[in-house]
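Peer 1: Sequence and predicted model, in that order:
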There are 2 protein chains.
Amino acid sequence: MPHSLAPPPELPLDRLRIADPFWQRYQRLVQEVVLPYQWDALNDNVADAEPSHAIENFRIAAGRSDGAFYGMVFQDSDVAKWLEAVAYLLAQHPDPALERDADATIELIGAAQQADGYLNTYFTVKAPEQRWSNLAECHELYCAGHMIEAGVAYHQATGKRALLDIVCRLADHIDATFGPGPQQLHGYPGHPEIELALIRLYEATGEPRYLALARYFVEQRGTAPHYYDEEYEKRGRSYFWGGHGPAWMIQDKAYSQAHVPVALQTTAVGHAVRFVYLYAGVAHLARHSGDAGLRATCERLWENTTQRQLYLTGAIGAQSHGEAFSVDYDLPNDTAYNESCASIGLMMFANRMLQLAPHSRYADVMERALYNTVLAGMALDGRHFFYVNPLEVHPPTVHGNHGFDHVKPVRQRWFGCACCPPNIARVLTSLGHYIYTRRDDTLYVNLYVGSDAAFDVDGHTLTLRQRSDYPWQEQVELSMDCDAPIDAALALRLPDWCRAPQLRLNGDAVAIQEHLQHGYCVLRRRWQRGDTLHLQLPMPVMRVSGHPRVRHLAGKVALQRGPLVYCLEQADNGAQLHQLRLPAAAAIRTAPGSGALAGQVLLQAEGERLHGHDAAQADVLPLYRYDAPPASRQAQTLTFVPYFAWANRGEGEMRVWVDAGGDS
Amino acid sequence: MPHSLAPPPELPLDRLRIADPFWQRYQRLVQEVVLPYQWDALNDNVADAEPSHAIENFRIAAGRSDGAFYGMVFQDSDVAKWLEAVAYLLAQHPDPALERDADATIELIGAAQQADGYLNTYFTVKAPEQRWSNLAECHELYCAGHMIEAGVAYHQATGKRALLDIVCRLADHIDATFGPGPQQLHGYPGHPEIELALIRLYEATGEPRYLALARYFVEQRGTAPHYYDEEYEKRGRSYFWGGHGPAWMIQDKAYSQAHVPVALQTTAVGHAVRFVYLYAGVAHLARHSGDAGLRATCERLWENTTQRQLYLTGAIGAQSHGEAFSVDYDLPNDTAYNESCASIGLMMFANRMLQLAPHSRYADVMERALYNTVLAGMALDGRHFFYVNPLEVHPPTVHGNHGFDHVKPVRQRWFGCACCPPNIARVLTSLGHYIYTRRDDTLYVNLYVGSDAAFDVDGHTLTLRQRSDYPWQEQVELSMDCDAPIDAALALRLPDWCRAPQLRLNGDAVAIQEHLQHGYCVLRRRWQRGDTLHLQLPMPVMRVSGHPRVRHLAGKVALQRGPLVYCLEQADNGAQLHQLRLPAAAAIRTAPGSGALAGQVLLQAEGERLHGHDAAQADVLPLYRYDAPPASRQAQTLTFVPYFAWANRGEGEMRVWVDAGGDS
């Protein structure tokens, strides 16, 4: 008897098991290294890292410890993200030690919650009279959002309600405090996050007030008279953040996407993480509300972000000042900010767009961000992190030119502002949310990650088994297991980088073009146990060229194989990477990585080095020469490594975009 | 009866008359527009410019006006530089109105001077108890240096002693205050300038204490224990400048070249203006002292500056943070700081090096700085100024990316920190100091500026008449007038950019190579009235390429003709200048400028534009493309204008370094 698929769009993580070599390694790393390490960091037990104090702040707020609040005004969110990551992990792998630490932390959080539901250690410990007085700058709603996400995740993973109850009380308190009523505050967060969190809470609890509150925050944003100005005047013009001038965060409203109402925004502006968190929430809201205007807004801003302001590595945020977008086509490789968290937020935005209206273009960007910038954010050892992810690094300049103060040529152990490490952990443990999208009777396969996923279909279980050695190899096998035939559609994403995908169903070739819908190959049939798909995604090495308006890419080429963007490193190619050229005619071959890069697919090509001077010769060359003879060219084998794996072999130059030698 | 030449090395300006079309225009502009305009600015009579308050500060200090000090801690120096420029002008052109304003200002300055000789309106008006307590940050000695230079210049120009007496009293006060004695302060300026000024005062007065004090400041610099730290502790750790963190100017001792003693410095570091002012003083001191160590230090730092850290336009200071040098070979075109004043200071350093040990390499850089960055600092109308001089400007990015906050795509009317406009005025009015260097019996011609110069030689006058249409034309004529034959050497600089100079003496060809000394063609003979030299400096357009370690210049070419560096502007070539290519085979022709550029020599070449899409086509091109076909190429005539003349036709893109199309 056939059954049909139905929402929710996200696969519960307890129905997923990651089963491929690439991601199993990361999952083990998160479980065995990253989360314990971050637990130590949150408890200030990492010797040579910047202190966190995050757990201690909760102890003080709970009255269990003396002392002063320490850390960022949003320090609580590090704990929330850690708990959320733990929840996703526990859904897939029992880990009594981690669960015990998490339960204890949740108990502590409950003790730190105020009688009226308020929960924020900065304001509880340091400035209780200033609660909700500076939404523009002070991250209270942002921290609440992360705690809500943790509460939902922990309940889904463990069935335990303690944190869910805490965040419902918190959400109720916020719902009472904010809204259109005359006694309510008409504000909205300076740093979006709570919007998407409230919708997740609505999905988890069915409480429509949470959805309505999310909508209020979205619709109120950027309206006149401006709430940030009103609260600024009300509190006597005090401000929290200096650095770029007094009250700049209040005055520069585009920084937090509050310059005009969401419906009027046309270009990705301001702080990149704020932007993607906001529009992940807006897209989520658009799906629940069915509002065509909200959807059009999301599509418009998605288009601007990904067609005018996206780095090849799936990174966003071209300028350091304000960790922000720049202007269309301004994508400098070396001074880029490209925060790891912004690419995580871009994945969240992409995922909500897929759930709103599936199209492979969203998954293409999601994959690009995941396999390049997000993975690059963490060292292969799981203990060092990048906050900033440029596409070109020249260490002497980074050390000597303050325009590069935000860039680190090697990953750091922890950060004073430690948003990125736990964010990477939670995205790595919640991959299942991104791999699949369910919508009506269609199961979309967005990412080719070896896994066993069990979907509930009218009391039956449809198990989809993916096997691959992606992103290194071209073959993906998908097989079905079900105790009864099921009528449903399976939609396989055809990546933008793949020219000639091939598909066989139970051995028979499938005419992909006949099944193409929005970038997916959609196979609608009655699925039976043992049905098997063989998807072949040829991965020839591709030369990528940039839009002609991007002046930083003029005359340059990058290499991509499958979803992986590659780069040159000094470790393989020597210094002065700008002297290397990759002519169009150069054949490119794959080569196995070794040492720290063992198991990886590297690329090699016969390129050339201009000006092959030794150091002594170069030292005496004049700085400028008139009518110099053509530069000398020496053949040199160029070795490219995956961008995500760069800087795992010490400090050295790196660049993604290579001189094409006049060929592009 | 023959006579021989003798020092001083600088020609008194009252013995000089500029007589060429290019520079006469600038001299008129300075006299008729720049100095009156700046006088209005100093008196706050320019409507839409930032206020100066500089004259009013002196009025307040003199007790003639009420009110508070306003402006930079070094606001006095704007008045001093204006007076110095006026002095140079008055030496060459009587101007009763200007002289009346200057005399009144000098009278006011005298009234503002304190009984003990102290002179500084900031401290007199605002913080008298803090005198000499913060040399690292507060520019007292810097302002004193500029006033001393003005006093020397005004005395030389007009014979009036009022300002010279004022600055002698000031210098005596400083000499009593600073020195090795137990009751004296062992400090030295955070911003060098007084060193070279004291030596000029020594030359003007013969007072050896001034030379000794300059030497004290130079030798004390950077010694341990560090004076900046000692005074910081002594005043209770107060500091003046924020912005880059508390007391950064005290902590970052390389910023003011005080990190180690001068003798141990090997690389140009820190604030570029401070650096060149300091080493102009050190070179000046080295000439007077004959100290081989000081000379070697100057040569070492000159070499580093000009062979590792100099822009093609004669600009220095690659980074905005600290208006500072970066590291060797880090010369970004778009984010460059390149302060106008730094190139003026570089001319001063070069000029002192020429006086110390003549070599054309110093004059080559001096000419490069003058004809490119210094001239670019002022609009053709004399009323607008650049503080920052990048080699590439992309206005949408400048407006949208805060990494470019220091860059202005069009010149400004005035600045809150207005060091550059009066500095440009004083260098333009003192050109005679740079054109010629006298040393022993040799008269060096460093710059080919049409002029009549009268040199006193043992009671006789040797008049050297230069005529040329430089920098546009190749011919320079030099003729002699003297009432008696004179034994002397005339040394004509052979510019580095000139491959095949030709010289005729009274019609006969001179074998230049036989007379070559340190880059000059040195003709030693008995000169007679009517002796005439015809120097031909062929000016083919030259393609310039950068050192292979400068990654910003890889694959790029610039054009230079004579001393002028050229650039592309949007006004002639359309937007997206990065899409333009100048292949090696392209012939380049000169073309006459028109409109704002009338009278100038422009360059044209048949280049090409890649991706000649119209805007609508480009709007829909994807941001990245895989294995794209070779870019389309359209022939396009490229028009280059002199760099100094850019941005005189509204806002638009500009770039000096152009894609060479794989040919370099």
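Peer 2: Yes, it's here.
Peer 1: Local confidence estimate at A:N45?
Peer 2: At A:N45, the model reports a pLDDT of 89.
Peer 1: With A:Q517 instead?
Peer 2: According to the model, A:Q517 scores 97 on pLDDT.
Peer 1: Secondary structure element holding A:S77?
Peer 2: Using DSSP states H and E, A:S77 falls within helix A:76-92.
Peer 1: my bad, should have said A:F640
Peer 2: Under the criterion of DSSP H and E, A:F640 resides in strand A:633-642.
Peer 1: Just want the phi and psi numbers for A:D452.
Peer 2: For A:D452, the backbone dihedrals are phi -110, psi 120 (criterion: degrees, to the nearest 10).
Peer 1: quick one: it and A:R17, what's the gap?
Peer 2: Going from A:D452 to A:R17 by Cβ to Cβ, to the nearest Å gives 5 Å. Any C-beta I mention is one placed from the backbone N, CA and C, and that applies to glycine too.
Peer 1: Show the contacting residues for the residue in chain A positioned nearest to chain B.
Peer 2: Closest contact between chain A and chain B, by Cβ to the nearest Cβ, is at A:G662 (1.7 Å). Residues near A:G662 by Cβ atoms under 8 Å, 6 or more residues apart in numbering or on different chains: A:555, B:555, B:661-663.
Peer 1: A:Q466 too?
Peer 2: Applying Cβ under 8 Å, 6+ apart, the residues contacting A:Q466 are A:19-20, A:435, A:445, A:448-453, A:476-478.
Peer 1: Go again with 10 Å.
Peer 2: Counting by Cβ atoms under 10 Å, 6 or more residues apart in numbering or on different chains, A:Q466 touches A:18-20, A:435-436, A:445, A:447-453, A:476-479, A:533, A:535.
Peer 1: Next: A:D328.
Peer 2: A:267-268, A:304, A:307-309, A:547, A:549-550, B:396-397, B:400, B:619, B:623.
Peer 1: Apply 8 Å and report the result again.
Peer 2: A:D328 touches A:267, A:304, A:308-309, A:549, B:396, counting by Cβ under 8 Å, 6+ apart.
Peer 1: Which of the contacts of A:Q466 fall within helices?
Peer 2: Assigned to helices by DSSP state H, the following of those qualify: A:I435.
Peer 1: are any of the contacts of A:Q466 buried, and which?
Peer 2: Among the contacts of A:Q466, those buried by neighbour count (16 or more other Cβ atoms under 10 Å in any protein chain shown) are A:18-20, A:435-436, A:445, A:447-453, A:476, A:478-479, A:533, A:535.
Peer 1: Tell me which of those fall in strands.
Peer 2: Of the buried ones among the contacts of A:Q466, the ones assigned to strands by DSSP state E are A:18, A:436, A:445, A:451-453, A:476, A:478-479, A:533, A:535.
Peer 1: could you redo these as TSV and give each row distance to A:G281 and pLDDT?
Peer 2: Converted to TSV, these look like this (distance: Cβ to Cβ, whole Å; pLDDT from 0 to 100):
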residue	distance to A:G281	pLDDT
A:I18	27	92
A:Y436	21	96
A:V445	25	97
A:S451	27	95
A:D452	31	95
A:A453	26	94
A:V476	32	97
A:L478	32	97
A:S479	36	97
A:L533	35	98
A:L535	33	98
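Peer 1: ok, the residues you listed vs B:A484, which is closest?
Peer 2: Here the nearest of those to B:A484, counting by Cβ to Cβ, is A:V476; it sits at 98.7 Å.
Peer 1: For that closest one, which residues are in contact?
Peer 2: With contact set as Cβ under 8 Å, 6+ apart, A:V476 has these partners: A:448, A:466-468, A:470, A:534-537.
Peer 1: Bridged to it, which residues?
Peer 2: Beta-bridge partners for A:V476, by DSSP bridges, are A:S468, A:L535.
Peer 1: pLDDT-wise, which helix or strand of chain A ranks last?
Peer 2: The helix or strand of chain A with the lowest confidence, counting by mean pLDDT, DSSP states H and E, is helix A:615-620 at a mean of 85.
Peer 1: Nearest residue to A:L83 in space, ignoring adjacent ones along the chain?
Peer 2: Of all residues not flanking A:L83 in the chain, A:A150 sits nearest, at 4.1 Å (Cβ to Cβ, 6 or more residues apart in numbering or on different chains).
Peer 1: Can you tell me the element that neighbour falls in?
Peer 2: Per DSSP H and E, A:A150 falls inside helix A:140-158.
Peer 1: what's the angle between that helix and helix A:76-92?
Peer 2: With axes from the mean of the first three to the mean of the last three Cα atoms, to 10 degrees defining the directions, helix A:140-158 sits at 20 degrees from helix A:76-92.
Peer 1: A:A80 and A:V152 touch, don't they?
Peer 2: No: if you go by Cβ atoms under 8 Å, A:A80 and A:V152 don't touch, sitting 11.1 Å apart.
Peer 1: So which of the two has more stuff around it?
Peer 2: Neighbour totals were compared for A:A80 and A:V152, and A:A80 leads with 30 against 23 (other Cβ atoms under 10 Å in any protein chain shown).
Peer 1: separation between the more buried one and A:A283?
Peer 2: According to Cβ to Cβ, A:A80 stands 22 Å off from A:A283.
Peer 1: How is chain A divided into domains?
Peer 2: A:50-253, A:437-536, A:541-661 (the TED database).
Peer 1: how about those domains in CSV, adding distance to A:Q31?
Peer 2: As requested, the domains of chain A are exported to CSV (distance: least, Cβ to Cβ, whole Å):
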stretch, distance to A:Q31
domain A:50-253, 6
domain A:437-536, 16
domain A:541-661, 19
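Peer 1: Checking A:L568 next. Helix, strand or coil?
Peer 2: Under the three-state scheme (DSSP: H, G, I helix; E, B strand; the rest coil), A:L568 adopts strand.
Peer 1: For it, give the beta-bridge partners.
Peer 2: Judged by DSSP bridges, the bridge partners of A:L568 are A:F640, A:R655.
Peer 1: related to what we said a few turns ago, are there helices or strands packed against the helix holding A:A150, and which ones?
Peer 2: Secondary-structure packing of helix A:140-158 (3 or more Cβ pairs under 8 Å, 6 or more residues apart in numbering or on different chains; DSSP states H and E): helix A:76-92, helix A:96-112, helix A:162-177, helix A:194-205.
Peer 1: Cross the contacts of A:G662 against helices and list the overlap.
Peer 2: Using DSSP H, no member of those sits in helices.
Peer 1: between the residues you listed, which is closest to B:L89?
Peer 2: Closest approach between these and B:L89, by Cβ to Cβ: B:G555, at 45.6 Å.
Peer 1: Let me know the pLDDT of A:M1.
Peer 2: At A:M1, the pLDDT recorded in the model is 37.
Peer 1: Also A:P12?
Peer 2: With respect to pLDDT, A:P12 has a value of 88.
Peer 1: what does A:D456 give?
Peer 2: 83.
Peer 1: Can you read off the backbone torsions of the residue lying closest to it once chain neighbours are set aside?
Peer 2: Leaving out its chain neighbours, the residue that sits closest to A:D456 by Cβ to Cβ, 6+ apart is A:R15, at 7.6 Å. Note on A:R15: backbone dihedrals following degrees, to the nearest 10 are phi -100, psi 20.
Peer 1: which secondary structure element contains the nearest residue to A:V374 once chain neighbours are set aside?
Peer 2: Using Cβ to Cβ, 6+ apart and skipping residues adjacent in sequence, the residue nearest A:V374 is A:S343, 5.1 Å away. Using DSSP H and E, A:S343 maps to helix A:340-356.
Peer 1: what about that helix, average pLDDT?
Peer 2: On average, the pLDDT along helix A:340-356 is 97.
Peer 1: and what of stretch A:400-420?
Peer 2: Stretch A:400-420 comes out with an average pLDDT of 83.
Peer 1: How far off centre is it?
Peer 2: Computed by Cα atoms, centre = their mean, to the nearest Å, the chain-centroid distance of stretch A:400-420 equals 18 Å.
Peer 1: That'll do, ta.
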